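# Coordinates for the following, if possible.
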Amino acid sequence: MKKKWEILILTAVIAVSLLLPAQTALGATTVPVTLPAFNVTLNGVEIDNDRSSYPLLVYKDITYFPMTYYDSRFLGLESSWNAQRGLAVVKTGATWDYHPYRSNSPHRSAYTAQVAGFPITVNGRRVDNRSEEHPLLLFRNVTYFPLTWRFAVDEFGWGYSFDSAGGLVIDSAAAGIAAGQL
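Residues are numbered from 1 along each chain as shown. Okay, here's the model as predicted:
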């Protein structure tokens, strides 16, 4: 009888563990994020978050920017990712035109994102994402970068301001070269 109970308990434990999300098993941390409740202007363009496939996010009172191909280049950054080296972000200084990723679906006001668990370098220096107060996040399979003073001003040299009237204003084009894509 005792062996029967042991098998039943073991079967229940295995069944429950199979029902847990894969990210829990892999050790990924899930965090709550919201959409900004304020205006965000990047390089003179007021960002329309309402129908963006990759909207700006807010986590711990910091705005996060999607590092898509066009969005990163819009801010004068180039990003590359591969499984061995992880994510590398480098300031190029050349800003491209803004190309929004449009969606026909309206957004909810709150979501969850994951803390990125792969290696990250910014301008050639390693970032210990697990110890960051504002870590890089993953949302809809895209890496999101925190627009903190440390990264925006210290690493990338951008103009950066926030007030209740104008919201968040970042100017990455001020010190760089503007370019358009044909």
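# Name the next helix or strand downstream of the worst-scoring helix or strand of the chain on mean pLDDT, please.
In the chain, no helix or strand scores lower on mean pLDDT, DSSP states H and E than helix 22-26, which sits at a mean of 39. Using DSSP states H and E, the helix or strand that follows helix 22-26 in sequence is strand 30-34.
# can you list contacts of that next one?
Residues outside strand 30-34 that contact it (C-beta atoms under 8 Å, 6 or more residues apart in numbering): 23, 57-59, 64, 109-115, 137, 139. Backbone N, C-alpha and C define where each C-beta goes, glycine included.
# Now render those as JSON lines, adding neighbour count, distance to Gly124 and secondary structure.
JSON lines is the format used below for the contacts of strand 30-34 (neighbours: other C-beta atoms under 10 Å; distance: C-beta to C-beta, whole Å; DSSP: H, G, I helix; E, B strand; the rest coil):
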{"residue": "Gln23", "neighbour count": "15", "distance to Gly124": "29", "secondary structure": "helix"}
{"residue": "Leu57", "neighbour count": "23", "distance to Gly124": "26", "secondary structure": "strand"}
{"residue": "Val58", "neighbour count": "19", "distance to Gly124": "28", "secondary structure": "strand"}
{"residue": "Tyr59", "neighbour count": "19", "distance to Gly124": "25", "secondary structure": "strand"}
{"residue": "Tyr64", "neighbour count": "25", "distance to Gly124": "22", "secondary structure": "strand"}
{"residue": "Ser109", "neighbour count": "7", "distance to Gly124": "37", "secondary structure": "coil"}
{"residue": "Ala110", "neighbour count": "11", "distance to Gly124": "35", "secondary structure": "strand"}
{"residue": "Tyr111", "neighbour count": "15", "distance to Gly124": "32", "secondary structure": "strand"}
{"residue": "Thr112", "neighbour count": "11", "distance to Gly124": "31", "secondary structure": "strand"}
{"residue": "Ala113", "neighbour count": "21", "distance to Gly124": "26", "secondary structure": "strand"}
{"residue": "Gln114", "neighbour count": "16", "distance to Gly124": "25", "secondary structure": "strand"}
{"residue": "Val115", "neighbour count": "18", "distance to Gly124": "22", "secondary structure": "strand"}
{"residue": "Leu137", "neighbour count": "24", "distance to Gly124": "22", "secondary structure": "strand"}
{"residue": "Phe139", "neighbour count": "19", "distance to Gly124": "26", "secondary structure": "strand"}
